[in-house]
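>>> here is a sequence together with a model predicted from it:
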Amino acid sequence: MRLKNKVAVVTGGNSGIGYGIAQAFKLEGAKGVINGRNEATLNEAVYALGGHFNGIKGDVTKMDDLEALFSQTFNQLGKIDVLVVNAGGVVDGARMGAIADTDESSYDKFMNLNLKSVYFTVQKALPYLQDGASIILIGSTAAHRAFPGMAIYSAAKAAVISLARGLSLDLLNRKIRVNVLSPGTIDTPVFDKLVPEGMVDEVKQAWVKDIPLGRIGRPADIGNAAVFLASDESSFMLGTELLADGGVTNISLMMQDR
C-alpha cells in the first residue's frame, strides 16, 4: 500500500497506459480521478476501477477543461498528491509522416497534444497540488530513436524530457518532484489506430524482434514503474527519466543472431 490515501490524477486514464497506471495506483491504495475525451470508455474504466477513481470528461488541449479537471478534483477529494500527465500520442485527423508530407495543421495538432498540453496541465494543476507532490510526465523511447515519419512526435517527447528538468527547478521551493516515465512498445489500442485491420498481430511480432526482453510491454509494466515514481521510494529522484522499454533504448540486437 505504497500510495495509501494518496490522491492521484491521471490524464488519458480511460484506456491503454493511463488505465494501466490507474489500476496500479488503485492496488497500492490510491484514490483519485481519471480524465479522457471518450465518455463511454471513461465510464467503463471508472466502473472497472471499482469506485477508487472518479471520471471527469475533458480535452487536455483546452484550457477550460484543464481548469475544470483540477477544480472538480479538489472539490471532490482535496489536494492532489500525484499527477500523471499521460494524455498524448496519435491525433485524430492529423497526419504523421515525413517532413515533405506534413502540413502546418498536423504539426500544430501533434505539438498541442504532446507538448503544449503537458506544460499547461502542470501549470493548471499547481494551485491544487500538495507541496511535495510527485508529477510524472509520460515520455517515450521515440525521444531517443528516430522512426520513419515520427519526427514531430519524437521531438515533442524529447521536449517533455527537457520540461521535467526545467519544471523541477521552477518548483523546488514547493518540493514538487517532476520526473519522466518513458515507455517502449506497449500493447494498447493505439495499434488498432495505426495498423490496417488484420495486420496487428504481424506488426506486434515485428516489434518484438527489436526488444531484448522478447515481448511487448503491458500497461501494467508502466503502471508498476509509475507507482515507484509516485511513492516516497523515489524521493531522491528529480528531473530525471525512467525508461521502461524492455531494453530497446540501451541494448541493441542488430548484431546478434537470434
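Received, thanks. Numbers count the residues shown, from 1 in each chain.

>>> do you know how far the nearest residue to residue 188 once chain neighbours are set aside is from residue 64?
Using CB to CB, 6 or more residues apart in numbering and skipping residues adjacent in sequence, the residue nearest residue 188 is residue 16, 3.5 Å away. All C-beta spots, glycine's among them, are computed from the backbone N, C-alpha and C. Distance, residue 16 to residue 64, using CB to CB, to the nearest Å: 25 Å.

>>> more crowded one of the two?
Taking other CB atoms under 10 Å, residue 16 and residue 64 do not tie; residue 16 has more neighbours (20 against 10).

>>> quick one: contacts for that one?
Contacts for residue 16 (CB atoms under 8 Å, 6 or more residues apart in numbering) come out as 186, 188, 189, 190, 219.

>>> looking at pLDDT only, which of the residues you listed scores worst?
Within the contacts of residue 16, residue 190 has the lowest pLDDT, namely 68.

>>> closest to residue 180 out of the contacts of residue 16?
Compare each of these with residue 180 using CB to CB and the shortest gap goes to residue 186, at 15.4 Å.

>>> that closest one against residue 216, yeah?
Yes - look at residue 186 against residue 216 with CB atoms under 8 Å: they come within range, at 6.8 Å.

>>> which of these two has more neighbours?
Comparing residue 186 with residue 216 by other CB under 10 Å, the one with more neighbours is residue 186, at 21 against 18.

>>> spatially nearest residue to the more buried one, not counting backbone neighbours?
Distances taken as CB to CB, 6+ apart put residue 217 closest to residue 186, at 4.3 Å, once the chain neighbours are dropped.

>>> the one you found: how many residues sit nearby?
When neighbours are counted by other CB under 10 Å, residue 217 comes out with 23.

>>> next: residue 47.
Residues near residue 47, counting by other CB under 10 Å: 10.

>>> before we move on, what about residue 206?
10.

>>> just the buried residues of the one helix or strand it maps to, please?
Taking DSSP states H and E as the definition, residue 206 sits inside helix 200-208. By 16 or more other CB atoms under 10 Å, the buried positions in helix 200-208 come out as residue 207.
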